[in-house]
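Colleague: Below are the sequence and a predicted model for it; my questions follow.
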Amino acid sequence: LSKLSCNALLAQRISSINSISALCEETGADIREVSRAIGADSRIGPKFINASLGFGGSCFPKDLLNLVYICETLGLKDVATYFQKVIDMNEWQKSRFLRRIVTSMFGTVTGKKIAILGWAYKKNTGDSRETPSMDIAQGLQREGAKVSVYDVKVSSDQIQMDMIAPRHAW
């Protein structure tokens, strides 16, 4: 339970800062300045408060889903809903990012060549399990873009296998 809870708290931080990044975009605030101010608070600290595509990897999603299951099994419906909302916010962030790309390309990416630099779910690793980049790349392809991906730590064979794996269709 400790490991699940630890990963849930880290995932919540990521979803929280991504939610704040959406608010910053709407208000004109700089998310980097807001993140820096949040990180300067000794009660919070600077780790896991950089806006991003969302969390990935094999642990955070799996551990959150385990907590949802445990809570539902124990009749803790509101607690299960809370953990599910962290997952939902992560998915929303990825779909929001995809919409922003399409909007910035004058409403369509059909036939456009788009490069994604970075594939692994976190820096300095070749691990692409549940990488948010995969959802973005596949979403762009569904929209008609020609997507090229490069990551210095992830093999092109792995990227190709990831690209054909079934994912989300927002």
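Modeller: Nice, I can see it.

Colleague: per-residue pLDDT, residue 166?
Modeller: Looking at residue 166, its pLDDT is 83.

Colleague: Help me confirm that it is found in a helix?
Modeller: No. With DSSP: H, G, I helix; E, B strand; the rest coil as the criterion, residue 166 is located in coil rather than a helix.

Colleague: That one: neighbour count?
Modeller: For residue 166, the count of nearby residues is 6 (other C-beta atoms under 10 Å). C-beta: built from backbone N, CA, C; applies to glycine.

Colleague: Over to residue 113?
Modeller: 9.

Colleague: can you check residue 18 too?
Modeller: Neighbour tally, residue 18, other C-beta under 10 Å: 24.

Colleague: ok, it - contacts?
Modeller: 51, 52, 54, 89, 90, 93 (C-beta atoms under 8 Å, 6 or more residues apart in numbering).

Colleague: Include distance to residue 33, pLDDT and neighbour count when you put those into a markdown table, please.
Modeller: Shown next, in a markdown table, are these (distance: C-beta to C-beta, whole Å; pLDDT from 0 to 100; neighbours: other C-beta atoms under 10 Å):
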| residue | distance to residue 33 | pLDDT | neighbour count |
| --- | --- | --- | --- |
| 51 | 12 | 96 | 20 |
| 52 | 17 | 95 | 17 |
| 54 | 21 | 96 | 27 |
| 89 | 22 | 98 | 20 |
| 90 | 23 | 97 | 22 |
| 93 | 20 | 98 | 24 |
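
Colleague: Could you take those and lay them out as a markdown table, with extra columns for secondary structure and distance to residue 160?
Modeller: Below are the contacts of residue 18 laid out as a markdown table (DSSP: H, G, I helix; E, B strand; the rest coil; distance: C-beta to C-beta, whole Å):
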| residue | secondary structure | distance to residue 160 |
| --- | --- | --- |
| 51 | coil | 29 |
| 52 | coil | 24 |
| 54 | coil | 23 |
| 89 | helix | 30 |
| 90 | helix | 25 |
| 93 | helix | 25 |
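
Colleague: Closest to residue 17 out of these?
Modeller: Residue 17 lies nearest to residue 51 out of the contacts of residue 18, by C-beta to C-beta, at 5.5 Å.

Colleague: so that closest one touches residue 19, yeah?
Modeller: No. At 9.4 Å, residue 51 and residue 19 do not qualify as touching, with contact defined as C-beta atoms under 8 Å.
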